Structure formats: structure tokens, C-alpha cells
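In: sequence first, then the predicted structure:
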Amino acid sequence: MWSALTVLLIVVLLGTAAVQVWVLPASVAAVVATFPVVTPIALPGVIWGILAIACWQAIAVIGLRLVALARGQRLERALRGWLRAIVGCLLVFVLLVAAAFIALNMLEYATPGLMFALLGSGVLAVVAAAAVLRYLGVRPAPLV
């Protein structure tokens, strides 16, 4: 029997895959058609979007693995490694946000809405990574 969390994570994975394959490229094409001046950053924008979404997809896959481990009552031994992997994914996302922030400012495509979205998502990822690291720091390492 699948838990609600498992179903939710699978729906998130399928939804984000659809965004990567269809929604993101179509949206960028529509923006380029409306504003041809952004054509030079269209392809890098799609690639950045796919990579950023992949970071969150990796976290969802790790979540699926943790749910499976919890169901089999084998979670305690593997938890620390999987949580470190989540922190790694979050930090890669933060690096992508920082790279986009710098590139958009240097190329003078930095609109306020886009910059606030980048900053907000970056701060969210840093807070999440700090929370997971705090959790890892509070829990004692297993003896075995």
C-alpha cells in the first residue's frame, strides 16, 4: 500500500518532469516571441531552469527513498547520508541561483521581479539546508 507521501512525491516528480519538457521551453519561446531582445539568454535560461528543477527532483527522489527505508524500518542507519545528499542538492541549487543572479546582472537583464524570485528561492534553499544541517548537528552519530 502506498502512503500519501509516496503518491505526493511521485506526482511532484511527474509534474516537474512535464514542466522541464513542455512548459519551460514553451514559456521561454513565448517570452522570446514577445520580447525578441531576450533571445540571447533564452537557451541558457531553459538549461538553467532544467538544472534548477533537477535539484528539487533529486530531493524528491531522496524523499521516496527515505519513505521506502522508513517502511522497511531501516531508516535510522541510512538517514544521515541521505540528509547530507539533500543538503548537497540544496547547495547546488544555491550555486545555480548565484550564477543566474550574477549573469543576469552582468548582461543587464536583471528585472526586479526576476531578481526577487531568485533571491527568494535562494534564501529558501539556504534556510532549508541550514535546518537539515542543524538537525544533523543535534542528533548524535550512530555507534555502529
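Out: Thanks, I have it.

In: from here on, contacts and neighbour counts on C-alpha atoms
Out: Fine.

In: phi, psi for residue 72 please.
Out: phi -90, psi 10 (degrees, to the nearest 10).

In: mind checking how far it is from residue 92?
Out: 30 Å (C-alpha to C-alpha, to the nearest Å).

In: which residues of this structure score low on pLDDT?
Out: Along the chain, the model assigns pLDDT under 70 to residues 1, 139-144.

In: centre-most residue in it?
Out: Closest residue to the average C-alpha location of the chain: residue 56 at 2.8 Å, with C-alpha atoms, centre = their mean.

In: how about that one, nearest residue that isn't a chain neighbour?
Out: residue 89 (7.3 Å; C-alpha to C-alpha, 6 or more residues apart in numbering).

In: list the contacts for that neighbour?
Out: 55, 56, 58, 59 (C-alpha atoms under 8 Å, 6 or more residues apart in numbering).

In: most neighbours of all the residues you listed, which one?
Out: For the contacts of residue 89, counting by other C-alpha atoms under 10 Å, the largest number of neighbours falls to residue 59: 21 neighbours.

In: leaving out the residues flanking it, which one is nearest to that one?
Out: residue 86 (5.7 Å).

In: chain center to the helix or strand harbouring the one you found: distance?
Out: Per DSSP states H and E, residue 86 falls inside helix 75-106. How far helix 75-106 lies from its chain's middle: 7 Å, per C-alpha atoms, centre = their mean, to the nearest Å.

In: in it, which residues are buried?
Out: 75, 80, 82-83, 86-87, 89-94, 96-97, 100-101, 104 (16 or more other C-alpha atoms under 10 Å).

In: give me the element residue 55 is part of.
Out: helix 42-71.

In: which helices and strands does that helix pack with?
Out: helix 4-18, helix 24-34, helix 75-106 (3 or more C-alpha pairs under 8 Å, 6 or more residues apart in numbering; DSSP states H and E).

In: and it, what's buried?
Out: 42, 45-46, 48-64, 66-69.

In: quick one: it to helix 75-106, angle?
Out: Per axes from the mean of the first three to the mean of the last three C-alpha atoms, to 10 degrees, the angle that helix 42-71 makes with helix 75-106 is 170 degrees.

In: check the gap between the nearest residue to residue 69 once chain neighbours are set aside and residue 84 for me.
Out: Nearest residue to residue 69 in three dimensions, chain neighbours excluded: residue 75, at 4.8 Å (C-alpha to C-alpha, 6+ apart). Plainly put, residue 75 is 14 Å away from residue 84 if you go by C-alpha to C-alpha.
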